[in-house]
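Engineer: Pasted the sequence and its predicted model underneath.
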Amino acid sequence: MMSQAENPVALTEIMAEIGRNARIGARALALATPEQKRTALLTAAGAINAHRKAILGANAKDMAAARTKGISAAFLDRLELTDARIDGIVEAVKTIAELPDPVGSIIAEWDRPNGLHIERVRTPLGVIGVIFESRPNVTADAGALAIKSGNAVILRGGSDSFHSSHALVDCILDGLHLAGLPVECVQLVPTTDRAAVGEMLKGLDGNIDVIVPRGGKTLVARVQADARVPVFAHLEGLVHVYIDKSADLDKAVAVTLNAKMRRTGVCGAAETLLVHQDVVATHLRPIINALLAKGCEIRGDAAVMAMIPQATAATEQDWRTEYEDAIISVKVVDSLEAAIAHIEKYSSHHTEAIIAEDPAAVEKFFNEIDSAILVHNASTQFADGGEFGFGGEIGIATGKMHARGPVGVEQLTSFKYRVRGTGQTRP
């Protein structure tokens, strides 16, 4: 690891060299065969499995350092690797390896009256910069998805996951080497100096084509404000679960509990619960009791406070807060329209769920809410590229240009047009 007191001139040149190498790697990957990329990823998965002891040892160093800083439990949960989580990483890389290769696939084709045949064909984006904080699995997901989609990737992990990320990247490089692909296709920034982030946001002399931030609100806000290249990102996950008047009680309890408490620190975790007034008497207390039993703090409006003695009063700020912790804001609404209005006002347009048996209510919810992911009668924690069948994700995008929702291999491609003629000229 380079010194934290890095010479600014030296750091700029080091980052520029990383950018130049990435562009070379991107050219090689864009021309790589599907079998080369599959071999690289399957080999990487095997290496991660074989070297799990070293990976867990590296993660233990990161965890120990994080604990000495007094890091929150949610942060530690995101940082920690276990045998089960390494199993998940291995399976994700294998799944990505076996996905259909997107590069060169024809998205659409048609014939014109003049005889021209036009094809829209998937192509790699080029070089992806991923700036992330405490999630070591992002290292493997980003590396694997980039390779499969024919893109080079520059990974800048946070200091908290530095050792874990290095151990995982070493395994990915084994795969690239065995497949005959340049190791420059996947590069980990060799310093935790924050100035390296600034260099990436400038685009490394035009060598970064898109930036993907994975981390807290402060990091993502900085990237979105300062980046000189396109960004795939979500600022925060203000996720809502709405219990409709037609909701089945058992589904409402099970789904809400999982959406909030399965893992409180993930971006798909529910932060606000909205309950239709017509089912408050039957549904509210069972849902809240299930949350309380798992140690969740309840912050409610007046109607909730009147029914739940353990609840504290929700403030205006609570409706705007991504807790990433065992806390949920709860509000009673008098209609589906009121629920939609609340979500429209406070949502970060990440993920929203409706628990309902009325098809008309579901269709209205789906049609009128403009979030990246909408869920019916299922947990919001399915907002994940792996659960979508993408193998993994580089991130979840909430913007409206190019990529939206989980960013997998197809979202990491652009397209070009191939026009085939037989000698036509334009009059």
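Structural biologist: Okay, I see it. Keep in mind that what you see is a predicted model, and the values were worked out from it rather than measured.

Engineer: Give the other helices and strands that the longest helix along the chain contacts.
Structural biologist: Among the segments of the chain that qualify as a helix by DSSP state H, the longest is helix 8-31. Judged by 3 or more C-beta pairs under 8 Å, 6 or more residues apart in numbering; DSSP states H and E, helix 8-31 is in contact with strand 117-124, strand 127-132, strand 152-156, strand 186-188, helix 195-202. C-betas here are computed from N, CA, C, even on glycine.

Engineer: Give me the distance from it to the chain's centre.
Structural biologist: 24 Å (C-alpha atoms, centre = their mean, to the nearest Å).

Engineer: Counting neighbours, which bits of it end up buried?
Structural biologist: 11-12, 14-15, 18-19, 21-23, 25-30 (16 or more other C-beta atoms under 10 Å).

Engineer: can you list contacts of that helix?
Structural biologist: Outside helix 8-31, the residues that touch it by C-beta atoms under 8 Å, 6 or more residues apart in numbering are 2, 37, 103, 123-124, 126-127, 146-147, 150-154, 181-187, 189-191, 193, 195-196, 199-200, 203-205, 207-208.

Engineer: Just the angle for that helix relative to helix 195-202, thanks.
Structural biologist: Computed by axes from the mean of the first three to the mean of the last three C-alpha atoms, to 10 degrees, the angle separating helix 8-31 from helix 195-202 equals 50 degrees.

Engineer: And the helices in this structure, which stretches?
Structural biologist: For the chain, the helices defined by DSSP H cover 8-31, 34-50, 52-68, 73-79, 83-98, 136-148, 162-178, 195-202, 217-226, 249-261, 285-293, 302-307, 336-346, 359-368.

Engineer: show me the contacts for Phe388.
Structural biologist: By C-beta under 8 Å, 6+ apart, the contact set of Phe388 is Phe382, Gly405, Pro406, Gly408.

Engineer: among those residues, who's most crowded?
Structural biologist: Using other C-beta atoms under 10 Å as the neighbour test, the contacts of Phe388 are led by Gly408, with 25 neighbours.

Engineer: Could you pull up phi and psi at the closest residue to Pro124 other than its chain neighbours?
Structural biologist: Using C-beta to C-beta, 6 or more residues apart in numbering and skipping residues adjacent in sequence, the residue nearest Pro124 is Gly150, 3.6 Å away. When read as degrees, to the nearest 10, the backbone of Gly150 gives phi 80, psi 20.

Engineer: Repeat that for Val407.
Structural biologist: In terms of degrees, to the nearest 10, the main-chain angles of Val407 are phi -100, psi 100.

Engineer: returning to that earlier point: can I get the buried part of the contacts of helix 8-31 as one ChimeraX selection?
Structural biologist: Burial among the contacts of helix 8-31 is assessed by 16+ other C-beta under 10 Å; the matching ChimeraX selection reads:
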select :37,103,123,124,126,127,146,147,150,151,152,153,154,181,182,184,185,186,187,189,191,193,196,199,200,203,204,207,208
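
Engineer: count of neighbours near Leu336?
Structural biologist: 23.

Engineer: from what I can see it touches Phe365, true?
Structural biologist: Yes. Counting by C-beta atoms under 8 Å, Leu336 does reach Phe365; the two are 6.9 Å apart.

Engineer: if I look at the two, which residues touch both of them?
Structural biologist: Shared contacts of Leu336 and Phe365 (C-beta under 8 Å, 6+ apart): Tyr242, Asp244.

Engineer: what's the angle from the longest helix of the chain to helix 34-50?
Structural biologist: Using the same axes, to 10 degrees: helix 8-31 against helix 34-50 is 120 degrees.

Engineer: how about helix 8-31 as CSV, C-alpha atoms only?
Structural biologist: Extracted C-alpha coordinates of helix 8-31, given in CSV (Å, rounded to 0.1, in the frame of the first residue of the first chain):
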residue,chain,number,x,y,z
PRO,A,8,0.4,14.7,-5.6
VAL,A,9,2.4,14.7,-8.8
ALA,A,10,3.4,11.1,-8.3
LEU,A,11,-0.1,10.0,-7.5
THR,A,12,-1.5,11.8,-10.6
GLU,A,13,1.0,10.0,-12.8
ILE,A,14,0.3,6.6,-11.1
MET,A,15,-3.4,7.0,-11.7
ALA,A,16,-2.9,8.2,-15.3
GLU,A,17,-0.8,5.0,-15.9
ILE,A,18,-3.6,2.9,-14.4
GLY,A,19,-6.0,4.6,-16.8
ARG,A,20,-3.8,4.0,-19.9
ASN,A,21,-3.4,0.4,-18.9
ALA,A,22,-7.1,0.0,-18.4
ARG,A,23,-7.8,1.3,-22.0
ILE,A,24,-5.3,-1.3,-23.3
GLY,A,25,-7.1,-4.0,-21.3
ALA,A,26,-10.5,-2.8,-22.5
ARG,A,27,-9.4,-3.2,-26.1
ALA,A,28,-8.3,-6.7,-25.5
LEU,A,29,-11.4,-7.7,-23.6
ALA,A,30,-13.7,-6.2,-26.3
LEU,A,31,-12.1,-8.7,-28.7
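
Engineer: mean confidence score for that helix?
Structural biologist: Across helix 8-31, the average pLDDT comes to 94.

Engineer: just stretch 382-391 next, same as before
Structural biologist: For stretch 382-391, the mean per-residue pLDDT is 90.

Engineer: Kindly report the same for stretch 156-175.
Structural biologist: Averaging pLDDT along stretch 156-175 gives 95.

Engineer: send the alpha carbons of that stretch over as PDB?
Structural biologist: Output of stretch 156-175 as PDB, limited to C-alpha atoms (Å, rounded to 0.1, in the frame of the first residue of the first chain):
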ATOM      1  CA  ARG A 156     -11.000   1.900  -5.800                       C
ATOM      2  CA  GLY A 157     -12.000   0.300  -2.500                       C
ATOM      3  CA  GLY A 158     -12.100   2.000   0.800                       C
ATOM      4  CA  SER A 159      -9.400   1.700   3.400                       C
ATOM      5  CA  ASP A 160     -11.700  -0.400   5.500                       C
ATOM      6  CA  SER A 161     -11.800  -3.300   2.900                       C
ATOM      7  CA  PHE A 162      -8.300  -2.800   1.500                       C
ATOM      8  CA  HIS A 163      -6.800  -6.200   2.500                       C
ATOM      9  CA  SER A 164     -10.000  -8.100   1.600                       C
ATOM     10  CA  SER A 165     -10.200  -6.500  -1.800                       C
ATOM     11  CA  HIS A 166      -6.500  -7.200  -2.600                       C
ATOM     12  CA  ALA A 167      -7.000 -10.900  -1.800                       C
ATOM     13  CA  LEU A 168     -10.000 -11.200  -4.100                       C
ATOM     14  CA  VAL A 169      -8.400  -9.300  -6.900                       C
ATOM     15  CA  ASP A 170      -5.400 -11.600  -6.800                       C
ATOM     16  CA  CYS A 171      -7.800 -14.500  -7.500                       C
ATOM     17  CA  ILE A 172      -9.400 -12.600 -10.500                       C
ATOM     18  CA  LEU A 173      -5.900 -11.900 -11.900                       C
ATOM     19  CA  ASP A 174      -5.200 -15.700 -11.800                       C
ATOM     20  CA  GLY A 175      -8.200 -16.200 -14.000                       C
END
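
Engineer: No more questions from me, cheers.
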